[in-house]
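Peer 1: What follows is a predicted protein model with its sequence.
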Amino acid sequence: MDALAGTWTKITNSPPSGVGLMELLSDGTVMVQNGESATWYRLTPDIHGSYVNGTWTTLSFMNDTRLYNSTQVLTDGRLFTAGGEYGTGDSNAEVYDPMLNAWTRTPSSGQKFSDSVSEMLGNGNVLIAPVSGPDSTIIYNPTANSWTTGPVTLHGQDEVPWVKLPDGSILTVDGSSQAERYIPSLNQWVADANTPVVMFSGGETGCGHMLANGTAFFRGYTHTVIYTPSGTSSPGTWVQGPDIPNGLNCGDSPGCVMANGKVLFAAGPGYLTGPTSFFEYDPVQNSMTQVNGPSGQTLSTVPYGLRMLALPDGGVFMNDGGTLYEYVSTGSALSAWQPTISSITHNSDGSYLLTGTLLNGFSEGAAYGDDWQMATNRPLVRFTDSSGNVYYARTFNWSSTGGANGKHSRHHAIQSPAESSRWHLLGGGRGQWHRVGSHFAHHPLRARRCRTNGRDTRSRVAHNSHGHDDRTLGARRGQ
């Protein structure tokens, strides 16, 4: 089990201070929280689209401090966060508007969100658990800025991962081999088949991921399991996957599905102990191979101290406290999951409506058990000019945040960059881009309102992170 090649590159410019949770926004920039504090930074890729050579800015402060908080990028491009196992914000939630660089508290839900897990629903609402009560959930509606009581779970949801399946249902498994699913059409949790092995006990499990072959891959302490969805509300089926090599432990550790379909993940010699080893799981071979860390075969830190994030260029961001690296695996992106753009229509307000398939890809990207969510299954649009300069449009009003359902047409809004009148447009993300061969002309944004997907939506004018005029459009992201 020799350590294989994959390339780790340390970023050129260090962040202003320590970093923790990372989130990819719909304009291609990365928001990074400074540990448990209320401070956030933004990393903007350079003019060539490089995150390694990107630059940092400090954003406005959250209203509360938080650590191990629920987070979701909303369909309008704002960032939602709730609760926290530590900090002052365990009983409230707030939303960041990147256009205004401002945080706003949501109305009180009357609940406590200590160490809560969350998932985006197909209608753009956010389902969160656990809240007050042993088996309770709550749902946030971003459009109405309101809360409603969610369905009661069958088992406790503390310290467990959630995975969104292709049909929009949410699968979870606890430490006693008990699995259940949230069925959106029923607004109900239903029992699913039990796992063939116990995933964890007395602590926290690893995370789960949707794979390109339509199955879900979960890592426990030392065991892994693979789930095949039924496609209905009936139970799916489980089989045991390969154990973590050398008896290593994946409790409370990050992982990320890459553009080549493999899963990069971290493991340690015991629960919450280091040093950290890195592996790639290959779904085709159903096998794991150790890969080198950033500075050798292992990294002298604990796995739970690491975070990962899927990047638009196909790499994986990983941070170790104040040090960030980008990992690029060997092999090419899966051609079967390349997005297709079927149409781009110009709206009267200067924005565009992009329609296509495979715009969300097959996976949410990176995950970290229950403690953080950093899903990237949404559309991005990138513009390049003849000199190789790269600009990301801002996308919003995505018609879906689901994945692995490529036969369905999706759409979103996009705004072209104003730096040039002629561009090549590429839609997709995570190393999977569809190139629009014809030149793409920029039209000035003339109105503050547009209609997308049959609903009135906000369209604001802002400056992008390159300091250029960047107006909002709708667009979808891939793989």
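Peer 2: That came through fine. Residues are numbered from 1 along each chain as shown.

Peer 1: gap between the residue positioned nearest the centre of the chain and Met120?
Peer 2: The chain has Ala375 as the residue nearest its centroid, 1.3 Å off, counting by C-alpha atoms, centre = their mean. As judged by C-beta to C-beta, to the nearest Å, Ala375 and Met120 stand 7 Å apart. Every C-beta, even on glycine, is put in place using the N, C-alpha and C of the backbone.

Peer 1: same deal with Arg307?
Peer 2: According to C-beta to C-beta, Arg307 stands 19 Å off from Met120.

Peer 1: Glu36 now?
Peer 2: Between Glu36 and Met120 the distance is 24 Å, computed by C-beta to C-beta.

Peer 1: Between the two, point out the one with more neighbours.
Peer 2: Met120 (27 against 18; other C-beta atoms under 10 Å).

Peer 1: what sits against the nearest residue to Gly322 once chain neighbours are set aside?
Peer 2: In space, and not counting its chain neighbours, Gly322 is closest to Gly18: 4.6 Å by C-beta to C-beta, 6 or more residues apart in numbering. Neighbouring residues of Gly18 by C-beta atoms under 8 Å, 6 or more residues apart in numbering: Asn34, Gly35, Gly321, Gly322.

Peer 1: By pLDDT, give me the weakest of those residues.
Peer 2: Lowest in pLDDT among these is Gly321, which has 79.

Peer 1: What values do phi and psi take at the closest residue to that one other than its chain neighbours?
Peer 2: Leaving aside its sequence neighbours, Gly321 sits nearest to Gly18 (C-beta to C-beta, 6+ apart; 5.4 Å). Dihedral pair for Gly18: phi -60, psi 150, per degrees, to the nearest 10.

Peer 1: Over to Gly247?
Peer 2: Dihedral angles for Gly247 - degrees, to the nearest 10 - are phi 70, psi 20.

Peer 1: quick one: contacts for the closest residue to it other than its chain neighbours?
Peer 2: Leaving aside its sequence neighbours, Gly247 sits nearest to Thr222 (C-beta to C-beta, 6+ apart; 6.1 Å). Going by C-beta under 8 Å, 6+ apart, Thr222 touches Asp243, Ile244, Gly247, Leu248, Asn249, Cys250.

Peer 1: Make sure the first one is indeed in a strand.
Peer 2: No: the assignment for Asp243 (DSSP: H, G, I helix; E, B strand; the rest coil) gives coil, which keeps it out of a strand.

Peer 1: so it makes contact with Val225?
Peer 2: No: judged on C-beta atoms under 8 Å, Asp243 makes no contact with Val225 at a distance of 10.7 Å.

Peer 1: higher neighbour count, the two?
Peer 2: Val225 (21 against 15).

Peer 1: Just confirm the more buried one is within a helix.
Peer 2: No: under three-state DSSP, Val225 falls outside any helix and is assigned strand.
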